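Asker: Let me see the structure of the following:
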Amino acid sequence: MARTMSLVASCLFAAMLALSPAARAQVEVVGAGSSALWQATGYAAWHDQAGATAGTHYTIKGKCTSGNCAQLKDQRSTSIPLESGNLWVVWNSAQTKVWAYLSVDSVVGNRCFKAAPRCLLQIDAQTKSIPGQNLISTGLWGSDASALPAAVYNLLNGKPITAGFTDIRPEDAKFAECRVTSPLNTTNYSGLGYGSSCTQLIGTSILSAFSTATANPSNFNLTGKDPFTGQAIPLSTTIPIGAAPIIFIANRTNASGLGSAAVKNVTVNSTGAGTAQLLWEDEAACNATTLGGGNFPVTVLLREPMSGTMNTTEFTNFRLVGSGLGSDSQEEKVNPAGGNNPLNQICVSGGGKRMRGIGTGEIVSGVSTTKDSIGYIFFSYGNVAKIAGAAGVGKYLTLNGVDPIQATYVNGTLPACTAPCPMAAGKSFPNLRNGTYRSWSVLRVVTDASGTNFTNVSALVTSAQNLVNSTVPDFVPFKTTNGSDPGLSTEVYRSHYLQSGISPNNGLGGQTEAGGDVGGCIEKVSAPPGVLGCHQ
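Answerer: Alright, predicted model coming up:
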């Protein structure tokens, strides 16, 4: 009898342990990828998923005094470089549910999610004692926690990512990776020379002209087996979140150069003679006179060709001559093996130069500190905050005469947001919504096709879509469930095409979305295909 009672007590004790908070602790979402969705998803995780009055948050930059604060580790090879980035973490009051997102770039987000096994989020132990750095406006959600709790750190550190956030489709990300590592093709730039083959496992790192930052090509597959390990790649799905425009930004401190009121528009056209093409492609006119300013050299800033920002800009504005994927490119006259890595190249004429930045932050900083400089970024209020407002050193330009942010262009002052800065339903980015602004992409997330990860990521997406207009309207939500916006899905879409061997489907009829769409033709949902013309 005594032994029986002992066994019963042991079972009861085990059951109690199973019901303890530590046993119930779980990671809800571990995301990595595009900076364009970093703030909106962090706020949504705190406000809706963890509970605004009970949840807590923490943010930290990618670099600490001794190495990376947070990074992605690709488990498939020790030769694949670590990828650092800004991190947000959100947790509930019991510290049993945790959400996190590391900001890297779209191709890395896709690669790390599609890798088999998936990349791990690593948080350096020193991070636990570093106060949160308030990288998301305190006007939205108050101040960060003074430290990352040990329970949250232990729960999150070393976990595989469950979502890849991206501003291009996975098929386009795979295409970009392949193009980067293919041999340099100076005829049509189908290969950019950071490797010897599309199937090369690890390519040559793309270097920054501003810092020690790098972009690191590493192979991945979308389906079938992983190219490193041979492991099967699990089924996944892509969830559209919203759309954001690419904008051209310039330093306006020289009132006679790019700061002139006459400098307000860049152009692209199918002949390759647009002003943006003259600046970025041919390096034939790196001077403010190209855009209507005075005779001053211009510094032209390029992103790395693995970024979603670069690829959206490339295929909506530069690869236009001839077929939809023409022979022109921002990468013209860039030879990685010939002294252009990092790219810091004197232009053929005009007195200016072309420089490579890695990440949105380096482009904005470059514009901020370099007189008569010009670059491009995905718009968000956070991305432009450093150069925005009436006193800011930055300005934005129209593209082919169409404003990317407002209905009508005034003077190019970049809008500032003191969060929250709400927007009425259907009023954000009017020229993106009506199809007249050409340079934009749908922001998405890639996650498992079913199961817990799909459920948790879908809930986070819905919250972000429903909250974006009432907080910081960084993107047009694809759809909402609370009536806060009519949604992009009712207005315009990009045509899909065969990409990376995957047949296209725009998904508007309820089918699974598939194929590439970066630079695809802009179509009206409510009108026959082609009414707005092909914008490739």
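Asker: just checking, what's the longest strand in this protein?
Answerer: Ranked by residue count and defined by DSSP state E, the top strand of the chain is strand 236-251.
Asker: Run me through the strand neighbours of it, direction for each.
Answerer: Here strand 236-251 is paired, per DSSP bridges, with strand 373-378 (antiparallel), strand 394-399 (antiparallel), strand 440-448 (antiparallel), strand 476-477 (antiparallel).
Asker: could you give me the average pLDDT of the first one?
Answerer: The average pLDDT within strand 373-378 is 98.
Asker: May I have that strand as CSV, with CA atoms only?
Answerer: Taking Å, rounded to 0.1, in the frame of the first residue of the first chain, the C-alpha atoms of strand 373-378 are listed here in CSV:
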residue,chain,number,x,y,z
SER,A,373,23.9,62.3,-52.9
ILE,A,374,20.9,60.2,-54.1
GLY,A,375,19.7,56.8,-53.3
TYR,A,376,16.5,54.7,-53.0
ILE,A,377,14.8,52.9,-50.1
PHE,A,378,11.5,51.2,-49.2
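Asker: any residues touching that strand, and which ones?
Answerer: Under the criterion CB atoms under 8 Å, 6 or more residues apart in numbering, residues 34-36, 167, 244-251, 258, 279, 298-303, 308-309, 312-313, 357, 360, 363-364, 366-367, 383-384, 441 lie in contact with strand 373-378. C-beta: built from backbone N, CA, C; applies to glycine.
Asker: Distance from that strand to the middle of the chain?
Answerer: Put simply, strand 373-378 sits 15 Å off its chain's centre (CA atoms, centre = their mean, to the nearest Å).
Asker: can you give me the offset of the helix or strand following it from its chain's centre?
Answerer: Using DSSP states H and E, the helix or strand that follows strand 373-378 in sequence is helix 381-384. Put simply, helix 381-384 sits 13 Å off its chain's centre (CA atoms, centre = their mean).
Asker: repeat for stretch 399-411
Answerer: From the chain centre to the centre of stretch 399-411 is a distance of 23 Å (CA atoms, centre = their mean).
Asker: show me where the stretch 1-150 of the chain has helices.
Answerer: When secondary structure is read from DSSP state H, counting those that start in this stretch, the stretch 1-150 of the chain shows helices at 2-18, 21-24, 38-44, 106-114, 138-141, 150-156.
Asker: for the longest strand of the chain, what is the average pLDDT?
Answerer: For strand 236-251, mean pLDDT rounds to 98.
Asker: Kindly report the same for stretch 405-417.
Answerer: Mean predicted confidence for stretch 405-417 is 97.
Asker: What residues are bridge-paired with residue 397?
Answerer: According to DSSP bridges, the residues that bridge with residue 397 are residue 248.
Asker: Next up, the contacts around it.
Answerer: Counting by CB under 8 Å, 6+ apart, residue 397 touches 247-250, 263-266, 291, 412.
Asker: As TSV, those residues with neighbour count would be great.
Answerer: Conversion of these to TSV gives the following (neighbours: other CB atoms under 10 Å):
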residue	neighbour count
247	24
248	24
249	27
250	30
263	26
264	19
265	19
266	24
291	25
412	21
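Asker: Which parts of the stretch 401-536 of the chain are helices?
Answerer: Per DSSP H, counting those that start in this stretch, the stretch 401-536 of the chain carries helices over the ranges 430-433, 452-467.
Asker: Show me what counts as buried in the last one.
Answerer: Along helix 452-467, these residues count as buried under the neighbour rule (16 or more other CB atoms under 10 Å): 453-454, 456-457, 459-467.
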